[in-house]
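> sequence and predicted structure below; questions after.
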Amino acid sequence: MNQHAKVDIRHSTCPHDCPSACALDVEVIEGRSIGRVRGSKQQTYTAGVVCAKVARYAERIHHPERLMYPMRRTGAKGSGQFARISWDEALDEIADRFNEAEREFGAESIWPYYYAGTMGLVMRDGLNRLTHVKKYSRFYQTICANVARIGYAIGTGKIAGVDPREMALSDLVVIWGTNPVNTQVNVMTHAARARKERGAKIAAVDIYDNETMKQADIKIILRPGTDGAFACGVMHVLFRDGYADRDYLARYTDCPDELEAHLKTRTPEWASVISGVPVEEIEAFARLVGQTKRSFLRLGYGFTRSRNGATQMHAALCIPAVTGAWQYEGGGAFFNNAGIWRFDESIIEGHDAIDKSTRALDQSQIGRILTGDAEALQGKGPVKAMLIQNTNPMTVAPEQALVRQGFAREDLFVAVHEQFMTETAQMADIVLPATMFMEHDDLYYGGGHQHISVGPKLIDPPGECRSNHEVLQGLGRRLNAVHPGFEMTPRELIDATLRLSDHGDIAGLEADLWRDLQPDFRTSHYLDGFAHADKKFHFKADWGKVPVGTGGLMGAWDKMPSLPDHWTIIEEADAQHPFRLATSPSRSFLNTSFNETPSSQAREGAPTVMIHPDDAASLSIADGDAVTLGNSRGETTLVATLFEGVRRGVLIAESVHPNKNHIGGRGINMLTGADTIAPIGGAAFHDNKVWIRKASAAA
């Protein structure tokens, strides 16, 4: 008689770099493997829905190509030739090479490098503890959210907003600068509920007719980097036609009369010329927003990918302040809830050991740093050794030509702790096998919602995989890095962090499963005043005094417009580079996570670039042709897809495919820049001028 396998349903939280941080119900089979993964109905934001790639997580965690044991490089860098070694051999060699670099070039010659392959606080941020204790070069995060965060906080005073579940109570949900069907599916859950239960309209504002727009009632397609112009045109109509809430403006905002006067010349006609949106669409959208008190603006990370992104986010955010939508349930705006967590990560990160005189190197400028750029190195010596966790800079970092050159240096020692043999791992001297989130304990928050949670270990890791924390403990002992955090287990670190943060203890949070920290209605809607000292929403931005922590002012911050406007700092097309390129996220990859799973590979196929048919015809490019894109930074070759859902002169390449999948092996980030975005740094992944032509036979 056949016995059925014992299947338990256990709870967890998705750790990947996505604001949804979905609550998960996981099938654990015989305590050893996982089956189906579902969104939990017990958490009100996830509401039982999870993206397809996470639903199929079993094919990732049980993938036959997972790294299983430590390895040392035996061939040339990038050759993929490695030999198995023991953990002791691997950690001894890393420690020896770090100590050698420190003796010869100083502690700042070592640069621990990480990012958001996991969003768990223990496994993501623990590397900072080693950095701080050893006085290595610190790490300044610039690839993802800085620009949009500042643009939001400059208006409200902090990074928090309306309960995102209130989308379901709105009469108009405006999804702007994000494609949640691809990137955070739960936004669509609540927006669709509003449409079904209230007859609400869904409007999408973006740079191409993406999967979210296909589900929207109103579509606004902009040229990249022109959101500020569109927002100003909308606000011009709101003031002109009497939709501005004068009482709300007088009570809650800083300079409504000055804003109105400024917008007199920012007409729909002016906005149309810049944005490419027809005048009648600007007028109609403005009327709809003005007539709909319960208008909810769900603002996304697309703003952070442009050189003028902070000013664009601020301009869009000003719209519900003009209409007074913040006053109503289902009205106002939301971007991220970073301002409500109040996590004290001092033990996880070793804050007591921080020496602010050590340099903090810009994550986005890794190519410049590794190739010896004096400005990027802040006038100090070279980087000679690295430990990399949770990221794949050989594929995802901008200025890939420099990144490749830097990693190819024979005098650079690199250790990579990874789950798969990524293109960064292939360039390493030592490769270490890493656990996945169901194989260790961690602490999570949801940037796109209001819950915190413990993600417990559900199964044992395969082979010799070790967690990030275990690696740091092993290196800490060998490097004489003394700190209480190295002596604690992940559960002890979680418990201590919760207690320091006034969130109780680990047992209490585990009992809650997913704890809801959403502030009350008046606080979330700023009805007792915004978070600035004067309690006002700020139409007039003081970019020299940003309201959240940063690495200091950067870029042309002193040239930023104080009132909402179109800031012309974007990389405009020119005669040599007549197209603007954006590298938007795909549905089945997440940066370079999931690009090793068969179902994601099958759905995404080969790297492609979308081009308007009229543009293609003018260049004699047919659908399916191999085409080369280029600019001063480099070139890449991929396949053309003719697509009417994009403005002429705009190209869209979805996802970060492995470099090796591009014709010729040069990935999309050969074209992206790492110049510093004002006011606090960032990388403009969607802001590139390029040329395009049919690929030569040699490509």
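That came through fine.

> for the nearest residue to Ala204 once chain neighbours are set aside, phi and psi?
In space, and not counting its chain neighbours, Ala204 is closest to Ala216: 3.9 Å by C-beta to C-beta, 6 or more residues apart in numbering. All C-beta spots, glycine's among them, are computed from the backbone N, C-alpha and C. The phi/psi pair for Ala216 (degrees, to the nearest 10) reads phi -90, psi 160.

> surely Ala216 touches Ile202?
Yes: using C-beta atoms under 8 Å, Ala216 makes contact with Ile202 at a distance of 4.7 Å.

> on that earlier part again, distance of the residue nearest to Ala204 from Asp209?
10 Å (C-beta to C-beta, to the nearest Å).

> now Lys77
Lys77 sits 42 Å away from Asp209, going by C-beta to C-beta.

> Gly330 now?
27 Å.

> looking at the two, which is more packed in?
Gly330 (24 against 18; other C-beta atoms under 10 Å).

> give the buried residues for stretch 314-333.
314-333 (16 or more other C-beta atoms under 10 Å).

> over to stretch 492-508?
Glu492, Leu493, Ile494, Asp495, Ala496, Thr497, Leu498, Ser501, His503, Ile506.

> in three-state terms, label the spatially most central residue of the chain for me.
The centroid of the chain falls nearest to Cys144 when counting by C-alpha atoms, centre = their mean (4.1 Å). State at Cys144, reduced to three classes by DSSP: H, G, I helix; E, B strand; the rest coil: coil.

> show me what contacts Thr422?
Asn392, Met394, Thr395, Val416, Thr592 (C-beta atoms under 8 Å, 6 or more residues apart in numbering).

> do that again at 7 Å, thanks
Taking C-beta atoms under 7 Å, 6 or more residues apart in numbering, we find Thr422 in contact with Asn392, Thr592.

> what about it, which helix or strand?
Under DSSP states H and E, no helix or strand contains Thr422.

> spatially, and excluding backbone neighbours, which residue is closest to Asp623.
Leu642 (4.4 Å).

> could you export the lowest-mean-pLDDT helix or strand in the chain as CSV, CA atoms only?
Lowest on mean pLDDT, DSSP states H and E among the helices and strands of the chain sits helix 598-604, with a mean of 86. What follows is helix 598-604 as a C-alpha-only set of coordinates in CSV (Å, rounded to 0.1, in the frame of the first residue of the first chain):
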residue,chain,number,x,y,z
PRO,A,598,13.4,26.8,-16.5
SER,A,599,10.0,28.4,-16.3
SER,A,600,11.3,31.9,-16.1
GLN,A,601,13.8,31.3,-18.9
ALA,A,602,11.0,29.8,-21.1
ARG,A,603,8.7,32.8,-20.6
GLU,A,604,11.4,35.5,-21.1
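
> right, and the helix or strand after it?
Taking DSSP H and E, what comes next after helix 598-604 is strand 608-611.

> what mean pLDDT does that next one have?
Averaging pLDDT along strand 608-611 yields 98.

> run the chain-centre distance for that strand.
22 Å (C-alpha atoms, centre = their mean, to the nearest Å).

> please export the C-alpha coordinates of the following helix or strand past that strand as PDB.
Using DSSP H and E, the helix or strand that follows strand 608-611 in sequence is helix 613-618. Below are the C-alpha coordinates for helix 613-618, written out as PDB (Å, rounded to 0.1, in the frame of the first residue of the first chain):
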ATOM      1  CA  PRO A 613       7.300  50.200 -36.200                       C
ATOM      2  CA  ASP A 614       7.800  53.600 -37.900                       C
ATOM      3  CA  ASP A 615      11.200  54.000 -36.400                       C
ATOM      4  CA  ALA A 616      12.100  50.400 -37.400                       C
ATOM      5  CA  ALA A 617      10.900  51.100 -41.000                       C
ATOM      6  CA  SER A 618      13.100  54.200 -41.300                       C
END
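
> which strands and helices sit next to helix 613-618?
Under the contact criterion of 3 or more C-beta pairs under 7 Å, 6 or more residues apart in numbering; DSSP states H and E, helix 613-618 touches strand 634-642.

> and the strand it packs on, what other elements does it pack with?
Checked by 3+ C-beta pairs under 7 Å, 6+ apart, strand 634-642 has strand 608-611, helix 613-618, strand 626-631 packed alongside it.

> check those for me and report the most buried one.
strand 608-611 (a mean of 23; mean count of other C-beta atoms under 10 Å).

> restricting to C-alpha, output that strand in CSV.
C-alpha atoms of strand 608-611 as CSV (Å, rounded to 0.1, in the frame of the first residue of the first chain):
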residue,chain,number,x,y,z
THR,A,608,14.9,41.8,-27.1
VAL,A,609,14.4,45.5,-27.6
MET,A,610,11.0,47.1,-28.4
ILE,A,611,11.0,49.7,-31.2
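
> contacts for that strand next, please.
In contact with strand 608-611 (C-beta under 7 Å, 6+ apart) are residues 208, 621, 627, 629, 638-643, 646, 651-653, 692.

> can we see that at 8 Å?
When contacts are defined by C-beta under 8 Å, 6+ apart, strand 608-611 is touched by residues 208, 581, 621, 627, 629, 638-643, 645-646, 651-654, 692.

> please apply the same query to stretch 688-699.
Stretch 688-699 has contacts (C-beta under 8 Å, 6+ apart) with 571-574, 576-583, 609, 611, 619-621, 625-631, 637, 651, 663-664, 671-673.

> of the residues you listed, just the buried ones, PyMOL syntax please.
Buried residues within those, by 16+ other C-beta under 10 Å, are selected in PyMOL with:
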select buried, resi 571+573+577+579+580+581+582+583+609+611+619+621+625+626+627+628+629+630+631+637+651+663+664+671+672+673
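
> where does the closest residue to Tyr113 other than its chain neighbours fall, secondary structure wise?
Sequence neighbours aside, Ile388 is the residue nearest to Tyr113 in space, at 4.8 Å (criterion: C-beta to C-beta, 6+ apart). Following DSSP H and E, one finds Ile388 within strand 385-389.

> and that strand, C-alpha only, in PDB?
C-alpha atoms of strand 385-389 as PDB (Å, rounded to 0.1, in the frame of the first residue of the first chain):
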ATOM      1  CA  ALA A 385      40.200  42.500  -2.100                       C
ATOM      2  CA  MET A 386      36.400  42.000  -2.000                       C
ATOM      3  CA  LEU A 387      33.800  39.700  -0.500                       C
ATOM      4  CA  ILE A 388      30.500  39.800  -2.400                       C
ATOM      5  CA  GLN A 389      27.100  38.600  -1.100                       C
END
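
> tell me how far it lies from the chain's centre.
The answer for strand 385-389 is 21 Å, by C-alpha atoms, centre = their mean.

> counting by contacts, list what it packs against.
helix 87-105, strand 113-114, helix 127-134, strand 413-418, helix 468-478 (3 or more C-beta pairs under 8 Å, 6 or more residues apart in numbering; DSSP states H and E).

> the shortest one packs against which elements?
In terms of contact count using 3+ C-beta pairs under 8 Å, 6+ apart, strand 113-114 is assigned the packing partners strand 385-389.
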